[in-house]
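1. pasting the sequence and the predicted model now:
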Amino acid sequence: MADADKDILAARVSAELKDSELSTRDSDEIQQQQAPLPRSKWVRWYRSTLFNVIIVGLISFTQPGIWNALNNTGAGGQQEPYLVNGANSLTFGIMVFGCSIFAVLANRFGLKPMLIIGTLGYAPYSAALYVNNRYGTEWFVLFGATTCGIAASALWATEGAIALGYPTVKDRGIYTGIWLGLRELGQLIGSSIQLSLNHKSAKTGKVGYNTYLVLIALQCLGLPLALLISPPGKAIRSDGTRVPDPTRAKLVTAEFKKIWKLLKRKQMFLLVPILVGYNWNGTYLSIYMTKYFSVRARTLGALTSGIAATIADLFWGWFLDWRIFSRPKAAKITWAVFATIMISLFAWQFANEKKYEDSPTKVTIDWLSPEFGRAFAVNVLFRFMNESHYIFVYWIVGTFFEDVETLTLSVGIIRSFESVGSCLSFGIGAAKISPMVNLIVAFVMFILCVPTTSYLTWQVPEHPKDIRKQLDGESTHTDDELDRAAV
């Protein structure tokens, strides 16, 4: 037998072994999905994917939701943005590697234990902001940023996997909207508290330190909520099947190899520019609100940003699951709308920033100022679009991959690259450079993501099964070649 034929035959044997492994895995998943359901309707509700997504949303409300409420006041409510931007850069720097690591650990040890870890590090950071606000202590802010980075790595890697992996494919848009919408509830409640405590402050400066105490108490609710989550294998989908449990005996090194394999897929690396560059403007907006707006206008900004983000989550969750469009067409329409609106917002904000930067006197914009509408509205619209981008990215990933194991690793990758962008943008925000420079960099980063994301929308399938064979790794040899080798 010729060497080429031997190679082809070996490839066929390898493919058959792989098919056998996949068949065994699929058989295990089918057995899990068809396991008897609890008789009690209350237990079935407790185990339902909707209940689990709601709990994940409430956990997100108490953790990053409250973090966002503080951050969207501008610089965590502080008078100057530089320390907090530096702390945020440290947080996201940890998350660059932490999100992928915790995604691997979640597949090895379970989503629920990693989710619990994710609820332990946000409160120390908020406590550090309180101590800094009241006593001027700076080292505690950096310590809190470190604990926040570790916890956020675990939380971000697991909450998205639950919100995407537990529901059926047809429900992923609206369930993602519920998860992210509940996260914004944290910002709505947190910023409402901030506004009630700071509504008399019509000058620039920092928010009152009592603001932090209520928010810290809310963040402490994350741990008991995490204990309510059902692990895969026990959660029940809307069609009556159970969510397959990916946590079998696995080697951590093998999971890292799977991450590397996912990174090499076209659908994943085309996401990298939008993950890194789209939300870059968040750092600029923090500086913009701190530099030009009164304290009560900043807290109002946090509240209206939360309202805008909630509307974005619910609207796009509904639209992307709206069956009047195919999924490929919905992806193209959504991205075309995003790109048009974002370019328009940047043009608007360049005009604003140029005007305020060239002002001969210090600019302080309050909600009673005649300039308020023009200056304030663009911030709210940017926040709407930033949140819209989150649900769009997660929905796209949900169209590519179906199983919880792959989605967990994919979410880890997504969060890692998002953290790269946030780490770099907050790092630049920590430097004492012109806000206009920050705005220009944010615009350039957005423009760089337009070509790749546009191409990505043409890769969106109608259903993940359409590309599942590619994910499992088919042989490069044709069936005719394999048959000739066997003969």
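-> Arrived safely, thanks for sending. Residues are numbered from 1 along each chain as shown.

2. contact partners for residue 147?
-> Applying CB atoms under 8 Å, 6 or more residues apart in numbering to residue 147 gives the contacts 120, 121, 124, 125. Every residue, glycine included, has its C-beta placed from N, CA and C.

3. same thing with residue 54?
-> 178, 182.

4. show the pLDDT at it.
-> Note on residue 54: pLDDT of 93.

5. spell out the secondary structure type for it.
-> Under the three-state scheme (DSSP: H, G, I helix; E, B strand; the rest coil), residue 54 adopts helix.

6. all further residue positions should be reported with the first residue as 30.
-> In the new numbering, first residue 30, that becomes residue 83.

7. wait, which of the contacts of residue 176 is closest to residue 170?
-> residue 154 (7.7 Å; CB to CB).

8. not counting residues beside it along the chain, what's closest to that closest one?
-> residue 173 (3.5 Å; CB to CB, 6 or more residues apart in numbering).

9. list the buried residues in the helix or strand that neighbour falls within.
-> Secondary structure from DSSP states H and E places residue 173 in helix 168-194. Judged by neighbour count (16 or more other CB atoms under 10 Å), helix 168-194 contains these buried residues: 169-170, 172-194.

10. give me the distance from that helix to the chain's centre.
-> Computed by CA atoms, centre = their mean, to the nearest Å, the chain-centroid distance of helix 168-194 equals 11 Å.

11. after it, which helix or strand is next?
-> Following helix 168-194 in sequence, per DSSP H and E, is helix 201-227.

12. report the mean per-residue pLDDT for that next one.
-> For helix 201-227, the per-residue pLDDT averages 76.

13. same question for the very next helix or strand once past that helix: list its buried residues.
-> For helix 201-227, the following helix or strand on the C-terminal side (DSSP H and E) is helix 239-248. Buried positions in helix 239-248, judged by neighbour count with 16+ other CB under 10 Å: 240, 241, 244, 245, 247, 248.

14. what's the first helix or strand after helix 239-248?
-> Next in sequence after helix 239-248, counting helices and strands by DSSP H and E, comes helix 251-255.

15. thinking again about what came up before, which members of the contacts of residue 176 occur in helices, if any?
-> 153, 154 (DSSP state H).

16. highest neighbour count among the contacts of residue 176?
-> residue 154 (30 neighbours; other CB atoms under 10 Å).

17. which regions of the chain sit below the pLDDT cut-off?
-> For the chain, residues meeting the criterion pLDDT under 70 lie at 30-67, 100-111, 216, 219-220, 223, 226-240, 275-280, 458-459, 492-516.

18. go again with 50.
-> 35, 38, 42, 44-58, 103-108, 233-234, 499-516 (pLDDT under 50).

19. ok, so of the contacts of residue 176, who is nearest residue 325?
-> Using CB to CB, the contacts of residue 176 come closest to residue 325 at residue 154, 24.0 Å.

20. tell me, how many residues neighbour the spatially closest residue to residue 482 that is not a sequence neighbour?
-> Of all residues not flanking residue 482 in the chain, residue 303 sits nearest, at 4.7 Å (CB to CB, 6+ apart). Residues lying near residue 303 (other CB under 10 Å) number 26.

21. contacts only, for residue 303.
-> 418, 422, 478, 481, 482, 485.

22. ok, now with 10 Å
-> 364, 367, 418, 421-422, 425, 446-447, 450, 474-475, 477-479, 481-482, 485 (CB atoms under 10 Å, 6 or more residues apart in numbering).

23. same thing with residue 69?
-> So residue 69 contacts 75, 76 (CB under 10 Å, 6+ apart).

24. check residue 357 too.
-> Residue 357 touches 428, 486, 487, 488, 489, 490, 491, counting by CB under 10 Å, 6+ apart.
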